[in-house]
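Enquirer: Compute the structure for the input listed below.
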Amino acid sequence: MSFVNPDPFTTRPEIEGTFGVVTSTHWIATAVGMSILEKGGNAFDAGVATAFVLQVVEPHLNGPGGDVPVILHDVRRGRTEVICGQGVAPARATIAHYRSEGLDMVPGTGLLAAVVPGAFESWMLLLRDYGTLRLRDVLEPAIAYARDGYPLVERVSATIQTVENLFRTHWPTSAALYLPNNEVPKPGTLFTNPKLAETYTRILDEAESAGANRDAQIERARKAWSHGFVAEAIDRFCRTQEVMDVSGRPHRGVLTADDIARWQPTVEAPLTYDYGRYTVCKAGVWSQGPVMLQQLALLKGFTLDGLDPTGPDFIHLQIECAKLAFADREAFYGDPDFTEVPIQTLLSDDYNAARRRLVTDKASLELRPGTIEGLGAAVKVRRADGMREAVGAMGSGEPTVGRFGETRGDTVHFDIIDRDGNMISSTPSGGWLQSSPVIPELGFCLGTRAQMFWLEEGHPGALKPGKRPRTTLSPTMALRDGEPYLSWGSPGGDQQDQWITQFFLRHVHAKMNLQEAIDAPAWHSEHFPISFWPRTARPGVLVVENRVPQATVEELRRRGHLVEVGPDWSEGRLTAASKVGRRRRAAANPRGMQGYAAGR
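Expert: Presented below is the predicted three-dimensional model:
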């Protein structure tokens, strides 16, 4: 009898234990989250601490001025819930105002794209209603790293270098922070953000002035943010500064302290879809999350068991179903408080049976949203050809610098499960260092999520005051046989719900464990309009890792896909965690710019 492990090679082992697991896109954040569990905190306490540290150590991928969706399962309540931390458009953010500024799109950088920052209030809600520890316990690690320093990963330095001239010429407050000694900091530099440390220290001091009661402290912290010095500094900066943005002209912001004071995060039930043994849970249609559920509703009609997960049939079916689902995203999704989104129809058997007939053995080169009488909007496709170079060093307010100098989709993500079975999956984002200038009194910049609005009346995603932009942020959770089982997600903008879906299909149909499903060769389509400025598409383009077999690439091209082959480890930024009985498992991504992802 042989006891040699027969499993395929993976870049690292799947982590397994019984106490708890934390997996995130940065090793420091993972270590901090695990330390919170070891101090007796639950998964939600650990999530808050992890999130605040990620703001500090990955400033090119998220920040305090950003936004966040959270999916959680609370054992005590016995249910899965979503926290919507997506801030809304300011009261003065009207289509007429932006048109009067000579704009036909919301700029991807600067102040005009700022919505209400949603992250801080969301973490306070999570800590107050689901956590157990005090604010100091979960905030002190982030303060310490901002004050005392952390080693810069290569991608932070590269991002700063890409926008160096923008900082020097137009955004001096960002230059003051991110160009210490008047130069781009080298990878490995011990980097500090003393102003951010001061901001969070002041919030903590004001919180503890409320007395010893935990909830009272959290409420006082919220007041310091939304009704106090933080909101006032944001208001003052937007009123007094004209900031250069990607339009090539400077603009003042429209976000005010009153906008910030009037907004609060909400808790809602997830949207779900049953797929065999699994019930997959996503955030609502104010996010792109349901586009994964639509892919599953289409794929349910095909036999995927036994297919090679790097073979042409598997990839072709997933991509063709993704094209149909993302076309519907463009036509129908929007804030359900402002527009009717026919999500029950979009997930129904009859609708998907009809849509499934559009999938043939040939690649579609058309964007084909469905038709639902009286709802949705025509989808305009702006081709990306010739526009990539134009984005250049001005950036587009997205989080990661790409090979053409444009900034393209990444953010951060974490998954945590504690010994009691509480689970959390979250994808914080926005407030990237390259999206908007640093507010000097606070040490952070605003987000640019409003670039996802359309300046077209009647469109489900049209800009309106108080409305949520349709975010790409898309954490995921799944029950198996009715029991909470798996949480996972990925940075990656429009790619998130492509990589998230691929991971799930490999795990379910190819029986890969979490790490195998993350490590396997991956791909993405650029067929549909990107969610970020300049909202372009590359019809038919399929980008695959070089590790996808050459025979598969040739067959996909024969079927009509416009295949581009990227580096070996260039697709996907996934982390995942699962629980079965007392067992807790976790896995993390080994790739590229997130190559420092860590699971424990």
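
Enquirer: avg pLDDT for stretch 521-530?
Expert: Mean pLDDT, taken over the full extent of stretch 521-530, equals 94.

Enquirer: Same check on stretch 98-109?
Expert: Average pLDDT, stretch 98-109: 95.

Enquirer: from now on call the first residue 9
Expert: Sure, I'll start counting at 9 from here, so that last one is stretch 106-117.

Enquirer: Next, the buried residues of it.
Expert: Buried residues in stretch 106-117, defined by neighbour count with 16 or more other Cβ atoms under 10 Å: 106, 111, 113, 114, 115, 116, 117. Glycine gets a C-beta too; all of them are placed from N, C-alpha and C.

Enquirer: Stretch 437-456 now?
Expert: Residues of stretch 437-456 classed as buried by neighbour count (16+ other Cβ under 10 Å): 437-447, 449-456.

Enquirer: pull the CA atoms of stretch 209-229 into CSV?
Expert: In CSV, the C-alpha atoms belonging to stretch 209-229 read as follows (Å, rounded to 0.1, in the frame of the first residue of the first chain):
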residue,chain,number,x,y,z
THR,A,209,-6.1,57.5,16.2
ARG,A,210,-8.3,60.6,16.5
ILE,A,211,-11.4,58.5,15.6
LEU,A,212,-10.4,56.0,18.3
ASP,A,213,-9.8,58.7,20.9
GLU,A,214,-13.2,60.3,20.1
ALA,A,215,-14.8,56.9,20.3
GLU,A,216,-13.4,56.1,23.7
SER,A,217,-14.5,59.5,25.0
ALA,A,218,-18.0,58.0,25.0
GLY,A,219,-17.2,55.8,28.0
ALA,A,220,-16.6,52.1,28.4
ASN,A,221,-19.7,50.8,26.6
ARG,A,222,-18.6,49.1,23.4
ASP,A,223,-21.6,50.0,21.3
ALA,A,224,-21.4,53.7,22.5
GLN,A,225,-17.8,53.8,21.4
ILE,A,226,-18.7,52.5,17.9
GLU,A,227,-21.5,55.0,17.5
ARG,A,228,-19.2,57.8,18.5
ALA,A,229,-16.6,56.6,16.0
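
Enquirer: picking up where we left off before, next step: the buried residues of stretch 106-117 restricted to helices.
Expert: With DSSP state H as the criterion, helices contain residue 106 from among these.

Enquirer: ok, so of the buried residues of stretch 106-117, who is nearest residue 153?
Expert: Sorting the buried residues of stretch 106-117 by distance to residue 153 puts residue 117 at the head of the list, at 26.4 Å, by Cβ to Cβ.

Enquirer: ok, that closest one touching residue 256?
Expert: No: using Cβ atoms under 8 Å as the test, residue 117 is too far from residue 256 to be in contact (10.7 Å).

Enquirer: re the thing from before, which of the buried residues of stretch 437-456 fall within strands?
Expert: Where the buried residues of stretch 437-456 are compared with strands, as defined by DSSP state E, there is no overlap at all.

Enquirer: Distance of residue 36 relative to residue 433?
Expert: Distance of residue 36 to residue 433, given as Cβ to Cβ, to the nearest Å: 20 Å.

Enquirer: Now do the residue lying closest to residue 467 once chain neighbours are set aside against residue 114, distance only.
Expert: With Cβ to Cβ, 6 or more residues apart in numbering as the criterion, residue 467 has its nearest non-adjacent residue at 4.5 Å, and that residue is residue 385. Residue 385 sits 17 Å away from residue 114, going by Cβ to Cβ.

Enquirer: cool, residue 175 as well?
Expert: Residue 175 sits 22 Å away from residue 114, going by Cβ to Cβ.

Enquirer: Kindly report the same for residue 377.
Expert: Applying Cβ to Cβ, one obtains 22 Å for the distance of residue 377 from residue 114.

Enquirer: what's the answer for residue 518, then?
Expert: Distance from residue 518 to residue 114, counting by Cβ to Cβ: 41 Å.

Enquirer: Next: residue 140.
Expert: Counting by Cβ to Cβ - residue 140 and residue 114 are separated by 40 Å.

Enquirer: and if you look at residue 439?
Expert: According to Cβ to Cβ, residue 439 and residue 114 sit 16 Å apart.

Enquirer: just for the protein, where's the confidence low?
Expert: By pLDDT under 70, the low-scoring segments of the chain are 9-15, 393-418, 600-608.

Enquirer: residues touching the spatially most central residue of the chain, list them.
Expert: The residue at the geometric middle of the chain, judged as the C-alpha nearest the mean C-alpha position with Cα atoms, centre = their mean, is residue 481 (3.4 Å). Contact analysis of residue 481 by Cβ atoms under 8 Å, 6 or more residues apart in numbering lists 75, 76, 77, 94, 291, 295, 419, 435, 436, 437, 504.

Enquirer: In helices, which of the residues you listed appear?
Expert: Using DSSP H, the subset of the contacts of residue 481 located in helices is residue 504.

Enquirer: Going along the chain, name the helices of the stretch 409-558 of the chain.
Expert: 504-517, 522-527, 558-566 (DSSP state H, counting those that start in this stretch).

Enquirer: Past the last one, which element shows up next along the chain?
Expert: Spelled out, it's helix 558-566. Along the chain past helix 558-566, the next helix or strand (assigned with DSSP states H and E) turns out to be strand 570-574.

Enquirer: could you check the angle helix 558-566 makes with that next one?
Expert: When axes from the mean of the first three to the mean of the last three Cα atoms, to 10 degrees is applied, the directions of strand 570-574 and helix 558-566 differ by 150 degrees.

Enquirer: quick one: contacts of strand 570-574?
Expert: Contact partners of strand 570-574, identified using Cβ under 8 Å, 6+ apart, comprise 371, 546, 548-554, 556, 561, 564-565.

Enquirer: Of those, which is the nearest to residue 247?
Expert: Proximity to residue 247 was ranked across the contacts of strand 570-574 by Cβ to Cβ; first place goes to residue 546, at 39.4 Å.

Enquirer: Tell me how many other residues surround that closest one.
Expert: As a burial measure, residue 546 scores 20 neighbours (other Cβ atoms under 10 Å).

Enquirer: and what of residue 177?
Expert: Other residues within reach of residue 177, judged by other Cβ under 10 Å, total 10.

Enquirer: Setting the sequence-adjacent residues aside, check what's closest to it.
Expert: In space, and not counting its chain neighbours, residue 177 is closest to residue 252: 7.8 Å by Cβ to Cβ, 6+ apart.

Enquirer: just the helices in the stretch 259-408 of the chain please.
Expert: Listed in chain order, the helices of the stretch 259-408 of the chain (DSSP H, counting those that start in this stretch) span residues 265-270, 298-307, 320-340, 351-354, 357-364, 396-399.
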